[in-house]
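*Asks:* Kindly return the folded structure for what I paste below:
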Amino acid sequence: MAALGEKPLMVSAIVSADHAVNQCVPTQTLGAGVDGHEKGECARMFTEKNVAEMLSAGFGPLTYRLRTELGGEVWHWNSRGTWTDPVHKCGYWTSDDSLGEPINVSYGYRLPRRGNTIDQANDDGYSRIADEDKDSFWKSNPYLDSHFTGEPEDAHPQWVVIDLGATKPVNAIRIHWGAPYAQQFRVEYWPGDDPMHLHPDDDDDWQPFARGNVNDGDGGDELIRLAERPRSVQFVRIVMSHSSRTSGQPSDDIRDRLGFAIREIELGNLDKGGRFHDRVRHGHDRHRQTVIYVSSTDPWHRAEDVDFSIEQPGLDFVFRSALTNNLPVLVPIGVLYDTPENAVAEIQYLLRRNYHLEGIEMGEEPDGQWASPEDYAALCTAVARQLASLNPNLKLGGPSLQNFEDQLLTWSDQSGNRSWMNRFLKYIRRAGARFDFFSFEFYPFDNVCGDPAPHLLKIPKRLGAMMTSLRQDGVPSDIPWLMTEFGYSVFGGRPEVDIEGALFNADTVGAFLTLGGGKPYLYGYEPNYLQDELKCSWGNLMMLQLNRKSDQVNRLSTYYAAQLITKEWMQPVNESQEIFPITIHATNAGAHRVTRPTNPKSLTAVTAYAVRRPDKQWALLAINKNPKRTAQLNVEFDLPGAKQPARFIGKVELIQFSRQQYAWHADGPNGHPIRSLPPTHFTHDGSSSFELPPYSLTVLRGNVAN
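*Replies:* Model prediction:
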C-alpha cells in the first residue's frame, strides 16, 4: 500500500503486440553459471541436496566460469599432465587429455613471473617488478612474439605502467633488466587522470619524455635520465619492442627466449649531486608495493606454485551433474595466462568424454585485466586455429567483457581508434579466426554501501547504453549475444540478498531479452556465505544462503525472482516464445511522461516486459522499483489491425512477490531472511488495472481479446 498521504504512481503499459522484438525457448535460454571458490567450498556447495535446490529455481543452460583466469593463474584442469621440464617439475604445463579417473576438482597455479600488482580474484598476489627481489622477474607472454604470431617484431609491443599513487617529481628511471631484455624501448608519462580507466571525454594520450627513447639497449642495470628537470607525474609507461631473444638460463625451449623480462624498476628524481631518489615502493605484498600494470605475463610456472586457496569444480563433476539439465554447456579455456596447448587439450578431453558443448569462451574479462585488444586477439587466434583443426564444428567466442559505462575504451592506436571491441574484431577478421558468439558481463553498481533505490532506476538505461555502444563498435547482430554473468555488483553487499536483488535480476533479464539479447546467465547459482568486501554491507551474489550450523539453505529473494521468470512469466516448455516491447506512460502530480524499457534514457520506477506464450496467453513481468509507493498499472495491447487497444479478458492470474513475502535481517555475517515465502497467487476478473506494491515483482497472465 502507498504510505499515508502518498498517492499511488499512476502508470499505463501499452504492449506493441504487432511486432515481436525477440523470441526464445526459455528452457534453453534462461541460464546460470558455476564458478571457482575458496578451498573446500565446492564440497559444501554442491551436495546432492543443494543441487536439487538449485535446480528448483528453473534455470536451463549452464556456463562454467574460470576464476583462475581472473586470478592471473594457469589452470591445471587435470592434475595429470606433463611439464616441459619434468625433472625440475617446472616450465609450461599441458594437462593430460586421455581418459582416466573423473576430474572432481582442479586448481590454478600462481605465476612466478607475474607483473600485475592487482588481480580480479582474491587479489592476494604481487608484481615481481617491485618486490625487492633481484632474483625474481616479470616476463611477458612469449606467444605474442613474432615467432608465434608471424607478424612483424614490433606488432605487439609490450608495456609496463607504474602508478606512483600521486603526482611526484620524475626525471629518471633505473631498469634492472632480466633476459630477454628490450633492445628498443621508450618511456612515457600520462598527463591526465587514470589511464587504466578511460572515459569518453578523456582526450589525453601518452607523452614522451625528452630523453625517453632508447634504440640500442644492452640489458643489465640501465639508468636513464629522462629529462633535465623533474616533471610531476603519477603514471609512467615503458613500451618495449625488439627483444634480445636471450635466456637467463640454459634452455632448449624457444619460449624462454621470447618476450621481455624486468627484474626491478626504480623511478624518481636524479638530483644535481647524482643521487637517485626512488619513488617506487618495493615489497612482497600487494598493499606495500607501488601498483604495477603489465601488458601480459609468461605462463611459465612450477609445481610448488599450486594455489589450493582457490578450487574449480572438476570438469567431470560438472558435466556429470544434474546441473547441466542434459543441455550443452558453455565452457571456458584459459587464454591470458595459459598456453594454446593446454587449452586445446581441455577441449580434446571434453570431446573424448562425448560431453555436449554449447560453445567455448576464450578467456575471461581481458579488458578488465588491461590486455590490449590486439594482444588478446592474437592469443585467441592461436587457440582458435588449433581448435578448428581439432573440430571445425566447435563454436568459439568471447571475450566475456567486464562491465563498463558509455563505451569500452583503450589507448589510441596509430589511427586514433580507441574502441577496444572494434580493434579486437578487426584483428580477428584480418586473421580469419572464428568468432561465433559474443559474450559480456553486467555488474553495473560498484557502490553497495549507498541507497540502492536510485541505482535500480538505471538498469534498463545502463544495459541499453552498453549494448548500443557495442553494436556501434561493430559487434555483429547476426551472432548470439550472451550475457554470461550478471549481478547487482561485483562486490558483496546487502542489496544482493535483500528484496532489491530480486528486482535487479528480473529487470536485467527482461531488459536484455527485450533489447535482442540471446542468453542471460545468472551469477550466484551456488549456495554461499555472506561477505563484507567494502566494509560497509554484508551480502553476496547468491540465491541460496549456506548455513554454518546446519545443512539447510535459506532461499533468498533472487531465488523467488528466478522462479517467477522461469516458471510463471515464461511458460516452462521447450517451445519458442515471443517477446514484445512495452511503452510506459507514467503520470505523477499532473506531469505526464512517456518512457520505454528499450530506450536507454528510461528512468521510470515501473518497468514491464511482455511475452506471448505457447499456451496463447500473454504474460507481463511488471517491476515496481519505488521502495515506498504503490503503482497502479493499467495495461493495454496494440494488436495488429485493431482499431482500438485491447485488454485482458476473463480471469487474469497475478503472481506477486514483495516485502510481504520477503524480509531481510541484517546482522553482519549472521544476516538472514526473517521472512522467506514464495510469491502469492491470486486472480482478477476482467480487470485492466493492477496494483503493484512498493518494491515488487508481479507477473500478469491471461488472454487478450482479438
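
*Asks:* for this protein, what's the longest helix?
*Replies:* helix 373-390 (DSSP state H).

*Asks:* I'd like the C-alpha coordinates of that helix written as PDB, please.
*Replies:* Output of helix 373-390 as PDB, limited to C-alpha atoms (Å, rounded to 0.1, in the frame of the first residue of the first chain):
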ATOM      1  CA  PRO A 373      42.700  -5.800 -27.900                       C
ATOM      2  CA  GLU A 374      45.400  -6.800 -30.400                       C
ATOM      3  CA  ASP A 375      47.300  -8.900 -27.900                       C
ATOM      4  CA  TYR A 376      44.200 -10.700 -26.700                       C
ATOM      5  CA  ALA A 377      43.000 -11.300 -30.300                       C
ATOM      6  CA  ALA A 378      46.400 -12.800 -31.200                       C
ATOM      7  CA  LEU A 379      46.200 -15.200 -28.300                       C
ATOM      8  CA  CYS A 380      42.600 -16.100 -29.200                       C
ATOM      9  CA  THR A 381      43.700 -16.600 -32.800                       C
ATOM     10  CA  ALA A 382      46.400 -19.000 -31.900                       C
ATOM     11  CA  VAL A 383      44.000 -21.200 -29.900                       C
ATOM     12  CA  ALA A 384      41.200 -20.900 -32.500                       C
ATOM     13  CA  ARG A 385      43.300 -22.200 -35.300                       C
ATOM     14  CA  GLN A 386      44.300 -25.300 -33.400                       C
ATOM     15  CA  LEU A 387      40.700 -25.900 -32.200                       C
ATOM     16  CA  ALA A 388      39.400 -25.500 -35.800                       C
ATOM     17  CA  SER A 389      41.700 -28.300 -36.900                       C
ATOM     18  CA  LEU A 390      40.600 -30.400 -33.900                       C
END
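
*Asks:* Flag every buried residue along that helix.
*Replies:* 373-387 (16 or more other C-beta atoms under 10 Å). Where you see a C-beta, it was placed from the backbone N, CA and C, and this is true even at glycine.

*Asks:* Among these, which one lies nearest to Pro102?
*Replies:* Distance to Pro102, by C-beta to C-beta, is smallest for Leu387 among the buried residues of helix 373-390, at 23.4 Å.

*Asks:* Could you measure from that closest one over to Ser98?
*Replies:* 18 Å (C-beta to C-beta, to the nearest Å).

*Asks:* and Ala610, helix, strand or coil?
*Replies:* Look at Ala610: counting by DSSP: H, G, I helix; E, B strand; the rest coil, its state is strand.

*Asks:* Send me stretch 539-552 as CSV with only the CA atoms.
*Replies:* Extracted C-alpha coordinates of stretch 539-552, given in CSV (Å, rounded to 0.1, in the frame of the first residue of the first chain):
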residue,chain,number,x,y,z
GLY,A,539,25.9,-9.7,1.3
ASN,A,540,26.8,-11.8,-1.7
LEU,A,541,25.7,-12.7,-5.2
MET,A,542,23.7,-15.8,-4.4
MET,A,543,20.1,-17.1,-4.5
LEU,A,544,20.7,-19.7,-1.7
GLN,A,545,22.4,-19.0,1.6
LEU,A,546,24.6,-21.6,3.3
ASN,A,547,24.1,-22.1,7.0
ARG,A,548,27.2,-22.6,9.1
LYS,A,549,25.4,-24.6,11.7
SER,A,550,23.3,-26.9,9.6
ASP,A,551,22.8,-28.3,6.1
GLN,A,552,19.7,-26.2,5.5
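
*Asks:* pLDDT below threshold where in the stretch 501-650 of the chain?
*Replies:* Along the stretch 501-650 of the chain, the model assigns pLDDT under 70 to residues 588-603.

*Asks:* Tell me which stretches of it form strands.
*Replies:* 519-522, 544-546, 553-555, 577-580, 582-588, 591-595, 606-612, 618-624, 631-638, 648-657 (DSSP state E, counting those that start in this stretch).

*Asks:* Done for today, thanks.
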